[in-house]
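Undergrad: After the sequence you'll find the predicted model.
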Amino acid sequence: MHNLPTWLAKYTASLSKENLHHAYLFYGREGLGKKDLLTYVSNTILCESSNLISCSQCKNCKLILSNTHPDLHVILKEEGKKNISISQIINLREKIYESAFLGKNKIISIPNIESMSRDASDAILKILEEPPKDTFFLMSSNFIHQIPSTIRSRSIEIEITVPSFNECREWLSESYSENIDLAIELSNNRPLIAKNLMDLNILELRSTFIKDISGIIKSGKHIVNISEQWCKELETLPLKLEWMSYILIDAIKHESANEHADVLSDSENITRYLGENSDIFNLHELLNKTNEIWNLFSGDTNLRKEYQLQSLFVAWESELGISSL
């Protein structure tokens, strides 16, 4: 079983098999490896070793490696479903109140617990209030403030913070040799996001984004075409919206800084011009609107994404539109 990268390993240092709480909630920004951390901690709790490690040799570890461990329950959204449903939790409850198949610990792992329906959250809460013996809940969230306070109060909360630039670079250098620094910069030091950027041809993706945004700001042309194209590329849509927020933040930095502002280098010409020629109130209003759309698209929504994007692009063109950049 793989070891954790350095920025995640520190979160297991304070955990001990002799003194485990029945529920942990790991939270932090997307792209920091929370799911990997849940997997690692789950495996170490189930391992027959007395320490919080995975030996990879015992019966439990071998069952984990073959994805057949009967006491490891991972709760994910079912295919085609918007949320983790109440029926999934009812089915889980029937299993976990029975004795462990191997006579030891049971694990309930719930990545992205914010994807639970309200009924499912209420059902999990009842289990957390009276947890079965030797049963441990390991949960994670990208949006901690979306988690009901009742669930949070019954869990040990552990915040996963953004790693340093050097930690990101060391990890990425194991697999890549080019454009690493740019990927780290554009991902805001989130290693898994940076890795995805490397795999998606980061230079082409960023170049197309800058071209699209420049066109919207310059003239507002092709807003419909750009929004339709972005909505076809759902994997990168939240990231592009986040980059839009960075442009506004950097423009605000330019407007506020007396000297050189610490901004993204490849969009500095745009952000400097906007900072010098845009109203600071408009920049803040657009930043709020852009973040609202980003939050909307980061979760599940029934709203037509292309319409929401078009509305955002129109606001950008209207408030930031200039004759040339």
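TA: Great, that's in hand.
Undergrad: in the stretch 101-250 of the chain, what spans have low per-residue confidence?
TA: Applying pLDDT under 70 to the stretch 101-250 of the chain flags the ranges 103, 220-221.
Undergrad: ok, 80 please
TA: 101-103, 218-222 (pLDDT under 80).
Undergrad: Run through the helices of it in chain order.
TA: All helices of the stretch 101-250 of the chain, identified by DSSP state H, counting those that start in this stretch, fall at 118-129, 149-153, 165-172, 180-186, 191-199, 202-218, 223-232, 237-256.
Undergrad: list the buried ones in the last one?
TA: Under the neighbour-count criterion of 16 or more other C-beta atoms under 10 Å, helix 237-256 has 237-255 buried. Heads up, the C-betas are built off the backbone N, CA and C, glycines and all.
Undergrad: Kindly report the same for the second one.
TA: Residues of helix 149-153 classed as buried by neighbour count (16+ other C-beta under 10 Å): 151, 152.
Undergrad: what do you get for the fifth one?
TA: Along helix 191-199, the positions that meet the burial threshold by neighbour count (16+ other C-beta under 10 Å) are 191, 192, 193, 194, 195, 196, 197, 198.
Undergrad: State the distance from the fourth one to residue 168.
TA: Spelled out, that is residue 194. 6 Å (C-beta to C-beta, to the nearest Å).
Undergrad: Ok, the third one next?
TA: Here the criterion is C-beta to C-beta. By it, residue 193 lies 10 Å from residue 168.
Undergrad: Name the surrounding residues that touch stretch 284-300.
TA: Stretch 284-300 has contacts (C-beta atoms under 8 Å, 6 or more residues apart in numbering) with 30, 82-83, 114-115, 142-143, 237-238, 241-242, 244-245, 248-249, 252, 303, 305, 308-309, 312, 315-316, 319-320.
Undergrad: if we can go back for a sec, CSV please, covering the helices of the stretch 101-250 of the chain and showing distance to residue 18.
TA: CSV is the format used below for the helices of the stretch 101-250 of the chain (distance: least, C-beta to C-beta, whole Å):
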stretch, distance to residue 18
helix 118-129, 21
helix 149-153, 24
helix 165-172, 30
helix 180-186, 38
helix 191-199, 32
helix 202-218, 45
helix 223-232, 51
helix 237-256, 41
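Undergrad: what's the closest of the buried residues of helix 191-199 to residue 60?
TA: Distance to residue 60, by C-beta to C-beta, is smallest for residue 192 among the buried residues of helix 191-199, at 27.2 Å.
Undergrad: Not including adjacent chain positions, what is the nearest residue to residue 70?
TA: Excluding the flanking residues, the one nearest residue 70 by C-beta to C-beta, 6 or more residues apart in numbering is residue 101, at 3.9 Å.
Undergrad: what's the neighbour count on that neighbour?
TA: Using other C-beta atoms under 10 Å, the number of residues around residue 101 comes to 12.
Undergrad: That one contacts residue 71, doesn't it?
TA: Yes - assessed by C-beta atoms under 8 Å, residue 101 is found in contact with residue 71 at 5.5 Å.
Undergrad: Just give the closest residue to residue 272, not the sequence neighbours.
TA: residue 254 (4.9 Å).
Undergrad: Just give me the closest of the buried residues of helix 191-199 to residue 91.
TA: Scanning those for proximity to residue 91, where the rule is C-beta to C-beta, the winner is residue 192, at 30.1 Å.
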